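**Student:** Next input, structure requested:
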Amino acid sequence: MKGNILTHNHPTDSSFSKADIQVLTGSGLSEIRAVTKTRTFVMKSNKHFTDKKEFSTLKRDINKVEKKVMLDLSRKYRKGDITMDEYKSMGWDETWKEFVSLNKYKNIFTYEQF
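**Tutor:** Next comes the predicted model:
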């Protein structure tokens, strides 16, 4: 799959899972797309993570960002700033937006939503 684009569907209208990004980086895909009823999510990577330590660090960094984003969204939900449906649908999208903005990964990953 190295260098290719993988497109798959997400019937729940959500962005990528951690497993999707692990497939992108571990297999050397250049791009992965998730298509929903209303949106298309695209994550591009210019790096193939073959080193186990580096891949482990990537997974750890994703988990840290996810935890922070979900904590922020939980606070917004408890305050009434967002609905439960928004909370559920925003999690991964917000995680990937923040993840690609990290200095460590901003020149490796590109995330878009259409």
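
**Student:** Next, name the residue at the spatial heart of this protein.
**Tutor:** Trp96 (3.8 Å; C-alpha atoms, centre = their mean).

**Student:** Now that residue: closest residue in space that isn't a chain neighbour?
**Tutor:** Among residues not flanking Trp96 along the chain, Tyr111 sits closest, at 4.6 Å (C-beta to C-beta, 6 or more residues apart in numbering). All C-beta atoms are positioned from the backbone trio N, CA, C, and that covers glycine.

**Student:** picking up where we left off before, verify the stated contact: the residue nearest to the centre of the chain with Glu112.
**Tutor:** No: using C-beta atoms under 8 Å, Trp96 is not in contact with Glu112, being 9.6 Å away.

**Student:** Between the two, which contacts overlap?
**Tutor:** Phe41 (C-beta atoms under 8 Å, 6 or more residues apart in numbering).

**Student:** rewinding a little: the residue nearest to Trp96 in helix, strand or coil?
**Tutor:** Secondary structure state of Tyr111, per DSSP: H, G, I helix; E, B strand; the rest coil, is strand.

**Student:** hmm, back to that, list the buried residues of the host helix or strand of the residue nearest to the centre of the chain.
**Tutor:** For Trp96, the host element (DSSP states H and E) is helix 84-101. Within helix 84-101, the residues scored as buried using 16 or more other C-beta atoms under 10 Å are 87, 89-100.

**Student:** between the lowest-mean-pLDDT helix or strand in the chain and strand 109-113, what angle do the directions make?
**Tutor:** One helix or strand of the chain scores below all others by mean pLDDT, DSSP states H and E: helix 84-101, with a mean of 91. When axes from the mean of the first three to the mean of the last three C-alpha atoms, to 10 degrees is applied, the directions of helix 84-101 and strand 109-113 differ by 150 degrees.

**Student:** Which other helices and strands does helix 84-101 contact?
**Tutor:** strand 40-45, helix 52-79, strand 109-113 (3 or more C-beta pairs under 8 Å, 6 or more residues apart in numbering; DSSP states H and E).

**Student:** show me what contacts Ile5?
**Tutor:** Per C-beta under 8 Å, 6+ apart, neighbours of Ile5: Leu29, Ser30, Glu31, Ile32, Arg33.
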